[in-house]
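Novice: okay, sequence plus prediction incoming.
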Amino acid sequence: MRCSYACKSSDHRIARRDFLGGLAGGALGVGAAGLGLGAFAQRALAAQLERQEKRILVIFLSGGVSQLETWDPKPGTDTGGPFRSIPTTVPGTHVSELLPHTARLMHWLALVRGINTKENDHGKGRYLMTRGRRQETATEYPHFGAVTAKTLESAASGLPGYIRISPGGNGTTRDSAYLGPKYDGIVLGNGKPPADVDRPKGLSGLADRRRSEFRQGLDEKFLRSRRTAATEAYTYSYEQAWRLMKKRAVFDASTEPASLQERYGKHDFGRHCLLARRLLENGVHYVQVTHTNYDTHNENFNFHIEQLGEFDRSFATLIIDLAERGLLDSTLVVVMSEFGRTPKINANFGRDHWGKAWSIALGGCGIQAGAVVGKTSTNGTEVVDREVHHGHLFHTYLRAVGVDPTQEFVVGGRQIPIANPADAAIEELLA
Amino acid sequence: MFLEGIRTRFRTCIVSFFVLTLAGLGRVPASVPEESKNASPPLRERIDREIERVHPGPFASPAGDAEFLRRVYLDLAGTIPTASEVREFLSDEEPGKRERLIDRLLASPEHSRRLQIFFDEMLMERRGGKHVKAPAWSSYLYTSFRQNKPYHILVREILSADGADASKRAAAKFYLEREGDFQRITRDVGRLFFGRDLQCAQCHDHPLIPGYRQDEYHGLFAFFVRTSVFTDKKTGAALAEKADGEASFHSVFDKDAKKFTARPRLPLGRALSEPRFEKGQEYEVAPKKGVRHVAKFSRRRLLAEDATGGGNSSFDRNIANRLWALMMGRGLVEPLDLHHDSNPPSHPRLLAILGDSFAAMNYDIRAFVRELALTRTYQRSSEPPALTVELTEAENQFKHWSEKADSLREQIPAVAKATSRTDEELAQAEGALQDARAKHAAVQKPFEEREKALQAVSVTLDASQNELASKESALPLLRESLERVRAASEKLPDDKELAETVARLDQKSVQIEESVKGLRDGVEKARSEAAQLETTLAGDRRKLEPLESALGEALQLVETRRSIADAASRDREALTQFVLEARSAVRDAEALVEYCRSIEAESFGVDAEVEMTPRARVASNRLLTQRFAIAGLKPLRPEQLGLAVLQAAGVVDRERRSIEDKLHAEAAKKAAEGKEAAAEETEAVLVVSVDSEAVESALYKKLQKEIGSFVRLFAGLPGQPPQEFQATVQQALFLKNGSKINAWLGSGGGLTARLAKLGDAGRLVEDLYLGVLSRLPTEPERREVERFLSAAGTEGRTEAIQGMTWALLASAEFRFNH
């Protein structure tokens, strides 16, 4: 029987991807399910997988957003500040009046109001919120995005698994730790497309295809008897590059209808949210959009009016857009920060760093819509009910997208639990 | 051949076990089986024998010249050969050309550079240069390898460095860049120098690896527990060390949190002792605010000396395994930093040989690598052989070895029991010895006191007797004088003086008489006292004699039993080793079965004519690579890839020429300035004055930036242990669309422009393949290139040449060292 390996049909590509997953999947490879099945079954499986794909969107409000001006307002108390609270679409749940658009979507979201991370340092707070673990000596843990890219890895998308959209330049996130560069995030600085995604100037499409075919011909001969898991991974990376180039247009949000662009907002955060939706829609498993800067030691209230004014409208538009496209059910959305802000208002009308009693919002895939978990005291100075921290949240996020956080990564012969085994998910948040 | 290997091995085990049983019963010391110790063949031969003993075969055929050339260039010089080097090597028909090439490469500056990069990656794991800048560190490593500094000396310098001495600061990079995180440092010292990642044993014994114990971790941590980072604003960070502080720990699994204190101890070593200083004398520089304190005794220095002093097998095997992996593509133990009993080496005996040999070679890296490069194992082709092993044969072997392993395993309890019995007997003998010592002491002590008393009495007696004798002899003289004076006095009754003299003499003689009497009594008393003591002593002596002989016997017994117990424990160790080997034989056989089954399942039989499916091929190649039956494919490290791309594209040649020209010009200028000599003389001086080392250094410096762009994209993340090969989409995009690559393919390089000028298509295709893939094209490849060129036409000719060059650079054949 001659090998039909060289044919370049789409069937072949799926089968080969599954085959790779089976080889390299370790404890978690989704692709392992594909081993031993015939081509038809594999194709059906791939299609099914694609429909079931889960995604994660994190909006990171950098600098530390005030819980009192957002998810846990305390109007009329000594710490409450000047803003009122407003009712939401969930009876009994109020949020700050700075979030009028989001308030109307509360029935799709849930709040965690009893977070105590005991951490008031920006770097350390960011670390524990995005990695689910406190910083330790001797071991660095991978970012939530890298964990997602690894655990939700599948055949379906031609795009990278972990993308971050933030102000600044392009590059990679360099925070995949022991999961390796393959799961490292790609940074779209200010929404710019990734590096080298365009064909070099002066190289025609035809010439590019010809040289690629010449390369494939060489590889076929050389690898016929020598192929290994590593050579398969190498040749597959060109296929990925080719697919990414084909999807290059995904990174250009300017083709969206003007009215939609208008609704998202023409500012950076609005554009980035729209880009995030396009990425999620095209199968990127983890997208993080950074909105900066909430570090309001001075003039907390003025800054929050300004910042949240941008956030509220763009975020609400994004949620509605995802829902309308049928993506919200399969997309976990989390709005987080490195910490909250002090209930005590300082002499400069500012609030300072505060990890002791603060909130996040989340919703979509796997989350109990409308839930409010945890409670702070009347003036917000401490958690009085259902205290949780980053570790519990991390377990919860993963459970929400169908990943068992008690499983382990197998990295170079070592087994490392995906999430800290000392913590557990917040069950009442899970749908 | 395979069966022969199995038989030899089986026989070895049986013979050894027979010896073992004898040793256990008849107290015959276990002897070293097999291989007489004199007449040891060269290391390369011992390596090949071990590899060929373990694998059932078949093996890949020897690599062809071109395949070997490219491989050995990449491994030893870190880059690919130039087209002309390939041509020259292929046309060299003198025997021994491979060995000559190996020696030439090992002596080249490029080889020192290659080791510099290898050890930098191993030791620093892509950390940055905050405390010691890259150039200083690189130059320290490069110079070390250029001098062929033995490995243990290098490690000693690194482990004992504190960074305070500016001239030796570079060596402190290992510690300083880890930013005073001494848990991290403990882990990394364990991983990188002993192959033992003890991280999970920090808070409790390792839950999954029985051999990784918490006291081992803290024994290593104890070397660092007194060290801290001291930062001087001017000179930067350096290490300070206190004279006190202990590594105390408790297991987080222990509810009572019982505290232990770990003495400094190497992995698998013994607890080390350290000198004590009087209070106030412990410091060279005492702790004080604003100064770096230095204890007289440094635990870090103790670590550096003990680790590198020889005799620690985990230290030797770790580096032997790493250098093996450098050349062969994978370690005998994988991952490289997880040596333990549940993760045994693929070739246990070979690893022992490598570790011992490297130590015996005085840790000479160049000599060791040379032996590896000269093995048949290293020089095999990466093209797998046709398959001939039958499934049934494999299954028989599996069954056979499983049974052997089981039967060996069954012997363990008996041997263990024997060992514990001999241990018990030893303990009993030691107890008896202690009793005998106590009893002996009970008599010995008063005996000694009495002896002392007797001596004192004799001394007094002697003195009294002497005094008595002189007084006794003086007395008659005195009496005589008395009588005479008295007679004279009676004749001269009025002489008062005389009368007084009589009275005085009388008094004196009475006095002496009394004294003599007293002395006589004293002597008598002392004599009787001495006699009494002597009697008692004689009695004691009688009592002591049997006790002394009992003590001697007890000592003898302890010695005998200790040697028996030692022999028994050696036996147990030997058996454990045999079981380990049998287990690895079972694993091999099992893998063989799996291998044959997978081939059968995938390709309807083991007929070499039938092409295997890709999946079977990958599985089969994995197995063959693990057994070193074929040359495994090694992904080029980022620096190798960068250099190879630059070399292939013509950038290196161009830069080298310009450097050589510049050096020539400089040398010419110098020569002209120095001496107004004849032109031809100057010319002669010039030819020799541009040395390869200067050119290499300048070239390396010049290409740093370009290589850096490969490192950024292709290397792992800082501080992360190396992982399995990963290919990312960004890498592919960089190679496909990156402006650098495409510039080098155009006018930025040199190769494509040169090729475009060649009118002869045959010459073009040869130069292309020699320059990029370091081999000649095959006939079909020649035709394909010609077709490609003619399809492009004259107008598209340059673009076509660039396209093909790109394809060759981007091919798997280029990306891997094969």
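Specialist: Great, that's in hand. Because the structure is a prediction, the values reported are computed rather than measured.
Novice: the helices in chain A, which residues?
Specialist: Shown for chain A, the helices assigned by DSSP state H span residues A:10-24, A:39-52, A:100-103, A:122-131, A:144-151, A:205-226, A:229-246, A:258-264, A:268-281, A:300-324, A:390-400.
Novice: now for residue 427, how many residues are close by?
Specialist: I went with chain A, as the question did not name one. Neighbours of A:Glu427 under the rule other Cβ atoms under 10 Å in any protein chain shown: 12. For the C-beta atoms, the positions are set from N, CA and C on the backbone; glycine is no exception.
Novice: ah, I was thinking of chain B
Specialist: The tally of other residues near B:Ala427 (other Cβ under 10 Å) stands at 13.
Novice: that one should be in a helix, yeah?
Specialist: Yes - judged by DSSP: H, G, I helix; E, B strand; the rest coil, B:Ala427 forms part of a helix.
Novice: tell me the confidence at it?
Specialist: Among the per-residue scores, B:Ala427 holds a pLDDT of 85.
Novice: contact partners for the residue in the stretch 251-400 of chain A positioned nearest to chain B?
Specialist: With Cβ to the nearest Cβ as the measure, A:Val284 is the residue of the stretch 251-400 of chain A nearest to chain B, at 12.1 Å. Applying Cβ atoms under 8 Å, 6 or more residues apart in numbering or on different chains, we find A:Val284 in contact with A:Arg55, A:Ser157, A:Leu159, A:Pro160, A:Gly161, A:Tyr162, A:Ile163.
Novice: how much space between the fourth one and chain B?
Specialist: Yep, that's A:Pro160 we're talking about. According to Cβ to the nearest Cβ, to the nearest Å, A:Pro160 and chain B sit 6 Å apart.
Novice: closest one of the contacts of A:Val284 to B:Lys255?
Specialist: A:Tyr162 (41.5 Å; Cβ to Cβ).
Novice: how near is that closest one to chain B?
Specialist: Counting by Cβ to the nearest Cβ, the gap from A:Tyr162 to chain B is 11 Å.
Novice: mind listing what that residue touches?
Specialist: A:Tyr162 is in contact with A:143, A:145-146, A:148-149, A:173, A:176, A:183-186, A:284-286, counting by Cβ under 8 Å, 6+ apart.
Novice: mind listing which of the residues you listed are in strands?
Specialist: A:Ile186, A:Tyr286 (DSSP state E).
Novice: hang on, isn't B:Leu533 packed against B:Gln455?
Specialist: No - contact between B:Leu533 and B:Gln455 fails when scored by Cβ atoms under 8 Å: they sit 9.5 Å apart.
Novice: who has more neighbours, these two?
Specialist: Shown here are B:Leu533 and B:Gln455; by other Cβ under 10 Å, B:Leu533 has more neighbours (18 against 12).
Novice: where does chain A dip in pLDDT?
Specialist: By pLDDT under 70, the low-scoring segments of chain A are A:1-52, A:155-157.
Novice: one more time with 80
Specialist: Applying pLDDT under 80 to chain A flags residues A:1-52, A:138, A:155-158, A:412-413.
Novice: following the helix or strand encompassing B:Thr231, which helix or strand comes up?
Specialist: Per DSSP states H and E, B:Thr231 falls inside strand B:227-232. Counting by DSSP H and E, the next helix or strand C-terminal to strand B:227-232 is strand B:236-241.
Novice: with just CA atoms, put that next one into PDB.
Specialist: Provided in PDB are the C-alpha atoms of strand B:236-241 (Å, rounded to 0.1, in the frame of the first residue of the first chain):
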ATOM      1  CA  GLY B 236      27.100  46.300  42.500                       C
ATOM      2  CA  ALA B 237      25.700  43.200  44.100                       C
ATOM      3  CA  ALA B 238      28.000  40.600  45.700                       C
ATOM      4  CA  LEU B 239      27.400  37.700  48.100                       C
ATOM      5  CA  ALA B 240      28.000  38.000  51.800                       C
ATOM      6  CA  GLU B 241      28.100  35.100  54.200                       C
END
